[in-house]
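In: Sequence first, predicted model second:
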Amino acid sequence: MKIAIKWGLFLGAGVVTWTLLLHLLGFYTTNIAAGQVADIVATVLPILAIVFAIRERRGRGALTLGQALSTGVVVGLVSIPISAGFLWAYHHFINPQWNELLIAHQRDVLAQSGASAEAIATMEARQRASGTDAAQVAGALIGTTLISTVISLIAGAILRRKPVAAG
């Protein structure tokens, strides 16, 4: 499990670095549209961390799908306190207006597309609800666990290696 812990720490550090870089580039303050695209691109971070962890684990010999799954899930779980803890601090101290900026951006996009006032109000209520501390922590736990599981299953199916038969 040392491999999974190491790559989980790398993943957590990667999320922190990515978020700070995007903040410095204005993607979470003055260019929210670019930030939303960059957040999609950020899905490469857990993919890379989990694939590298599973490849490193595979380098030690046989690798079953179960071993790949446990390795990848531990990578995700180790990253949660780092990522979620940093994002809490980010949303409370570095960029406390982030959710309001996101709501304003989404409101503008919906208004430009001709959405009704009711649709805009619904979006705003949903975004406010998803921006609470409890929703963020739940999302980190559930989302990271699901994503780690899926990535691990796919990577494990591709990278698994049967033990060499003694002869």
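Out: That came through, no problem.

In: Please work out how many residues are found near the closest residue to Leu22 other than its chain neighbours.
Out: In this structure, Leu22 finds its nearest non-sequential neighbour in Ala38, 5.3 Å apart by Cβ to Cβ, 6 or more residues apart in numbering. C-beta coordinates here come from the backbone N, C-alpha and C atoms, glycine included. Using other Cβ atoms under 10 Å, Ala38 has 17 neighbouring residues.

In: just checking, what's the longest helix in the chain?
Out: Assignment by DSSP state H gives helix 133-159 as the longest helix of the chain.

In: what sits against the closest residue to Ser148 other than its chain neighbours?
Out: Nearest non-adjacent residue to Ser148, counting by Cβ to Cβ, 6+ apart: Gly76, 2.9 Å away. Residues near Gly76 by Cβ atoms under 8 Å, 6 or more residues apart in numbering: Gly8, Leu11, Pro46, Ile50, Thr144, Thr145, Ile147, Ser148, Thr149.

In: Those into CSV, with extra columns for neighbour count, distance to Ala121 and pLDDT?
Out: CSV is the format used below for the contacts of Gly76 (neighbours: other Cβ atoms under 10 Å; distance: Cβ to Cβ, whole Å; pLDDT from 0 to 100):
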residue, neighbour count, distance to Ala121, pLDDT
Gly8, 29, 40, 98
Leu11, 27, 37, 98
Pro46, 26, 34, 98
Ile50, 31, 39, 98
Thr144, 22, 30, 96
Thr145, 14, 32, 96
Ile147, 17, 30, 97
Ser148, 26, 35, 98
Thr149, 15, 35, 98
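
In: Could you export these as JSON lines, including distance to Ile158?
Out: Below are the contacts of Gly76 laid out as JSON lines (distance: Cβ to Cβ, whole Å):
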{"residue": "Gly8", "distance to Ile158": "21"}
{"residue": "Leu11", "distance to Ile158": "19"}
{"residue": "Pro46", "distance to Ile158": "16"}
{"residue": "Ile50", "distance to Ile158": "12"}
{"residue": "Thr144", "distance to Ile158": "21"}
{"residue": "Thr145", "distance to Ile158": "21"}
{"residue": "Ile147", "distance to Ile158": "17"}
{"residue": "Ser148", "distance to Ile158": "16"}
{"residue": "Thr149", "distance to Ile158": "15"}
